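Trainee: my questions are about this predicted structure, shown below with the sequence.
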Amino acid sequence: MLCPTTVVDTSELERFQRWLQSELANASLLDDKDDKGRRTLQIELAISEVMRYREILSSLDQSHASPFVEREESVRVQNNSEVKPVTKSGECHSCGAEKLSDLQFCPVCGEF
């Protein structure tokens, strides 16, 4: 069963969030007002997404069933009726007419 905690470790998310917060502090030191505003907005959005993702992970119940279904029998039943009989090369397996070597289908009946 795939669990979200095996995909992303929550401690790694916390570490990433702390790093973003330190980057937010560094962004406040930028001299250009436009760059400072743009970078601050980017980092604040990233922090809010990390927090939202952590909430989603914590709200997931571990008892969800696996989305994968295991079957005892094969899903598709084997059917040998679609198997075409083997004929000598250059002869149509359907009507027996001679096929031209440069064509992959029968010019008489159209079978491949």
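Mentor: Yep, that arrived.
Trainee: now the strands for this structure?
Mentor: Using DSSP state E, the chain contains no strands.
Trainee: any stretches of it with poor pLDDT?
Mentor: Applying pLDDT under 70 to the chain flags the ranges 1-9, 61-66, 75, 77-89, 100-102.
Trainee: same thing but at 90, please
Mentor: 1-13, 54-112 (pLDDT under 90).
Trainee: longest helix in it, please.
Mentor: Ranked by residue count and defined by DSSP state H, the top helix of the chain is helix 33-59.
Trainee: number of residues surrounding Ile43?
Mentor: Applying other CB atoms under 10 Å, we find 18 residues neighbouring Ile43. C-beta here means a position set from N, CA and C on the backbone, and glycine is covered the same way.
Trainee: how close does it get to Asp35?
Mentor: 12 Å (CB to CB, to the nearest Å).
Trainee: got any residues that touch both of the two?
Mentor: Counting by CB atoms under 8 Å, 6 or more residues apart in numbering, no residue touches both Ile43 and Asp35.
Trainee: thinking again about what came up before, what distance separates the longest helix of the chain from the centre of its chain?
Mentor: 25 Å (CA atoms, centre = their mean, to the nearest Å).
Trainee: number of residues surrounding Val50?
Mentor: With other CB under 10 Å as criterion, Val50 counts 18.
Trainee: measure it to Ala97 for me?
Mentor: As judged by CB to CB, Val50 and Ala97 stand 69 Å apart.
Trainee: just Cys109 next, same as before
Mentor: 7 Å.
Trainee: now swap in Gly110 and tell me
Mentor: From Gly110 over to Ala97 (counting by CB to CB), the distance is 11 Å.
Trainee: for this structure, which segments count as helices?
Mentor: According to DSSP H, the helices that the chain contains are 4-7, 10-27, 33-59.
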